[in-house]
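[1] Sequence unavailable; structure follows:
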């Protein structure tokens, strides 16, 4: 499938690839091994449109966040047991809200803020 979004983790070791309606694929850059966990019903969420890695002061690992053409925002984190990435949260912003960009920002006292842009000029 086609690639719509790419993001390298903040430590430079992992690549996230938005693979159209196949969802997100996560790769170890050095070994070229796929780290994506179990597959989900990606087609019902739409094409992956953007992705970003999120790092917080309290988290032991980075969190991957991606948006889709049908308005879903999805978060994945690497399992310490099998080292595969698994979904930890999925939310739909609304019908018709194609997510076009995502940005994260460290906020005071370890909190994280996420800004999401949509095709309908909403932020």
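    Ah, there it is. None of these values were measured; they are calculated from a predicted model. Numbering: from 1, shown residues only.
[2] Tell me, please, where in this structure the pLDDT is lower than the cut-off.
    Scanning the chain with the threshold set as pLDDT under 70 gives 1, 20-21, 37-43, 57, 59-60, 106-110, 123.
[3] how about the strands in it?
    5-8, 14-18, 24-28, 48-54, 63-68, 72-78, 85-92, 99-106, 112-118 (DSSP state E).
[4] now the ones you listed in a markdown table, with distance to residue 34 and mean neighbour count?
    Bear in mind the C-beta positions are built from the backbone N, C-alpha and C, glycine included. Formatted as a markdown table, the strands of the chain follow (distance: least, C-beta to C-beta, whole Å; neighbours: other C-beta atoms under 10 Å):
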| stretch | distance to residue 34 | mean neighbour count |
| --- | --- | --- |
| strand 5-8 | 15 | 16 |
| strand 14-18 | 10 | 21 |
| strand 24-28 | 6 | 18 |
| strand 48-54 | 15 | 21 |
| strand 63-68 | 14 | 25 |
| strand 72-78 | 13 | 20 |
| strand 85-92 | 9 | 14 |
| strand 99-106 | 22 | 16 |
| strand 112-118 | 26 | 15 |
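[5] Make JSON lines from these and add distance to residue 36 to it.
    Putting those into JSON lines (distance: least, C-beta to C-beta, whole Å) gives the following:
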{"stretch": "strand 5-8", "distance to residue 36": "14"}
{"stretch": "strand 14-18", "distance to residue 36": "9"}
{"stretch": "strand 24-28", "distance to residue 36": "5"}
{"stretch": "strand 48-54", "distance to residue 36": "12"}
{"stretch": "strand 63-68", "distance to residue 36": "10"}
{"stretch": "strand 72-78", "distance to residue 36": "8"}
{"stretch": "strand 85-92", "distance to residue 36": "5"}
{"stretch": "strand 99-106", "distance to residue 36": "19"}
{"stretch": "strand 112-118", "distance to residue 36": "21"}
